[in-house]
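Participant: Need coordinates for the below:
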Amino acid sequence: MPTPPSISADDLGDVVARAKDGDRKALETVLASVAPAIHRFGMRMCKNVHDAEDVLQDTLLNVAMHLGDFEGRASLSSWVFALTRSACARKRRGLKNQPPAGDAHLAATRDLAPSPEARVAGQELATSLSAALDGLSEDSREVILLRDVEGLSAPEAARVLGISVDALKSRLHRAREALRVALRPVLESELDRAPASCPDVVALWSKKLEGDLRQGDCSAMEQHLTNCRACAGACDALKQALLACQRIRTEEVPPAIQARVKSAVRAWATQNTS
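Facilitator: Predicted coordinates:
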């Protein structure tokens, strides 16, 4: 199940249609396109390599078995993540006491900067981000993974979680603040902490990212950031944390796991087409 080249939404829709009509190669393309995101989500929600592999295999088999039921009312991503979330919940209920995956695997991301200094700094932030994500509540971790790591829209993420868009955004703002606080020792100076009299600029910035900040409030926030070093640092820390989340999206499924999953999917396909 090699990772396919980037597939546009229109092309993926055509491939999904062919897969639903019984085109086995098209089905393999659909499964390969969604596998990396399933694996990333499983790794961070289950926090166990073997459980994440089981979640990946179970979810891909579910996609293969039920793709004909996918009617396209929601995006393919939100449908697949709903299946993945259910598989993770089943796995966590059954194996709560298994040891977590090592930080080295969870933090594996492609460095965008080539310099050794940037590589070291990036790896340190990636490792800290993994620990910070692990420390979040399950609800907060889910919403960060769906919205800021995998890039689902607010309506798509809300659909996966079975909540309203307003509830999704409220949860997201709290989760982003919790993530920033967890990364504070890495990203913020102890000398630059905002006084209690300052507005909650991190929450305001999160609302701005979601398009929910009124122009007057946005202008007031920008003016405050110009004059307050502490609040500017807090917003910069949030930006760095969310950029690090986006870089997680470059993680791929390890080749050995790809081979095992591909074998399982092909065995299922052979059994169901013979």
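
Participant: Quick one: find the helix or strand in this protein with the lowest mean pLDDT.
Facilitator: Across the helices and strands of the chain, mean confidence by mean pLDDT, DSSP states H and E is lowest for helix 103-106: a mean of 40.

Participant: so what's residue 88 up against?
Facilitator: With C-beta atoms under 8 Å, 6 or more residues apart in numbering as the criterion, the residues that contact residue 88 are 41, 42, 45, 46, 55. In short, each C-beta sits where N, CA and C put it, glycine included.

Participant: And it, which helix or strand is it part of?
Facilitator: Under the assignment given by DSSP states H and E, the secondary-structure element containing residue 88 is helix 76-94.

Participant: Same check on residue 14?
Facilitator: Taking DSSP H and E as the definition, one finds residue 14 inside helix 9-20.

Participant: And the pLDDT for residue 122?
Facilitator: Among the per-residue scores, residue 122 shows a pLDDT of 61.

Participant: that older thread, mind picking the two most distant members of the contacts of residue 88?
Facilitator: Using C-beta to C-beta, the pair of those lying farthest apart is 41 and 46, separated by 9.0 Å.

Participant: Give the full set of residues in contact with residue 272.
Facilitator: Residues near residue 272 by C-beta under 8 Å, 6+ apart: residue 65.

Participant: Any buried residues in the one helix or strand it maps to, and which?
Facilitator: Taking DSSP H and E as the criterion, residue 272 maps to helix 255-273. Of the residues in helix 255-273, those with enough neighbours to count as buried (16 or more other C-beta atoms under 10 Å) are 257, 258, 261, 262, 264, 265, 269.

Participant: you'd agree the first one is up against residue 54?
Facilitator: In this case it means residue 257. No. Under the contact definition of C-beta atoms under 8 Å, residue 257 does not touch residue 54, with a separation of 10.4 Å.

Participant: Extract the residue ranges of this structure that are flagged as low pLDDT.
Facilitator: Within the chain, the stretches with pLDDT under 70 are 1-10, 94-122, 190-191, 273-274.

Participant: Please repeat the previous calculation with a cut-off of 50.
Facilitator: Flagging of the chain using pLDDT under 50 yields the residue ranges 1-5, 96-97, 99-120.

Participant: As a check, name the ranges of all helices in it.
Facilitator: Remark: helices of the chain, listed N- to C-terminal, are 9-20, 24-46, 49-66, 76-94, 103-106, 116-135, 138-144, 154-161, 165-182, 184-187, 201-209, 215-227, 229-248, 255-273; assignment by DSSP state H.
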